[in-house]
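# I'll drop the sequence and a predicted model, then ask my questions.
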Amino acid sequence: MSSIPTAVLAWVAAGTVTGGCAERALAEPAPCDPRPTAVDLALDVEPADGPAVELHAARARLEPGFPGRLAGEFDDASFSVKESPAPAAGEAPTSFSVRARRMRYDARGNHASFSGDVQVTMEGLHLRCDTLEVTYHRPEEYVDFVATGSVRVERPSMTATAGKAQFDGAGRALTLTESPRVVGDAGTLEGARIVLDVDAETVTVEEVRGTFRIRTP
């Protein structure tokens, strides 16, 4: 994907952006770090081929070319895919946001990496993990992600844990592996893989083992 033109960036609360060699070339001919830095950065990215992305960060080290190219490292960051105003018939609305201590993002590749107390909120489901790799598919308007390290998934009446979780945005399924376990009103289940259907709110367990509680009328 080519670099995002300046026109598609809409500042929300730009914060303070400094640095970069362009503004210093005349005054300081000595070599400098070409990466701009930012404090309290907040912006909307509005590409022509998909819904907007909202990004906030307490601190940022941006790659050269900002704002024509949005890429860099972000601290104390939040990243949200904003909902489409009118999803097509039969399609679920986009709702996906992440908070983390550190984020690496490049708008050209529609890819983001998160680490440190990562928290994901997605359509009634809350996930925590140590690291997260996200790929956003345009113009299909869905995300895939892989969460690793102390994964914990919470939704009403159910909590699941695992070493790894992979979300298939096209199939709307979250697959837990590496000692997955789910605890709910019906009991505690373990297996080789546990698959959560985000829309149907069903749970499928492969090679199931565990305990069940049956409620009498």
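Structure's in. What do you need? Predicted, not measured: the structure shown is a model, and the values here were computed from it.

# ok, how many other residues are close to residue 197?
Neighbours of residue 197 under the rule other Cβ atoms under 10 Å: 13. To be clear about C-beta, it is placed using only N, CA and C from the backbone, and glycine gets the same treatment.

# wait, doesn't it sit right on residue 172?
Yes: between residue 197 and residue 172 there is a contact under Cβ atoms under 8 Å: 6.7 Å.

# lowest average confidence, helix or strand, in this protein?
strand 9-11 (a mean of 38; mean pLDDT, DSSP states H and E).

# any low-confidence regions in this protein?
Residue ranges of the chain with pLDDT under 70: 1-34, 47-51, 83-94, 139, 210-217.

# residue boundaries of the helices in it?
With DSSP state H as the definition, the chain shows no helices.

# quick check: closest non-adjacent residue to the one residue sitting closest to the centre of it.
Nearest to the geometric centre of the chain sits residue 98, at 4.6 Å (Cα atoms, centre = their mean). Nearest non-adjacent residue to residue 98, counting by Cβ to Cβ, 6 or more residues apart in numbering: residue 79, 4.7 Å away.

# got it, and residue 198?
Closest to residue 198 by Cβ to Cβ, 6+ apart is residue 172, at 4.7 Å.

# gap between the one you found and residue 108?
27 Å (Cβ to Cβ, to the nearest Å).

# with residue 75 instead?
Relative to residue 108, and taking Cβ to Cβ, residue 75 is found at 21 Å.
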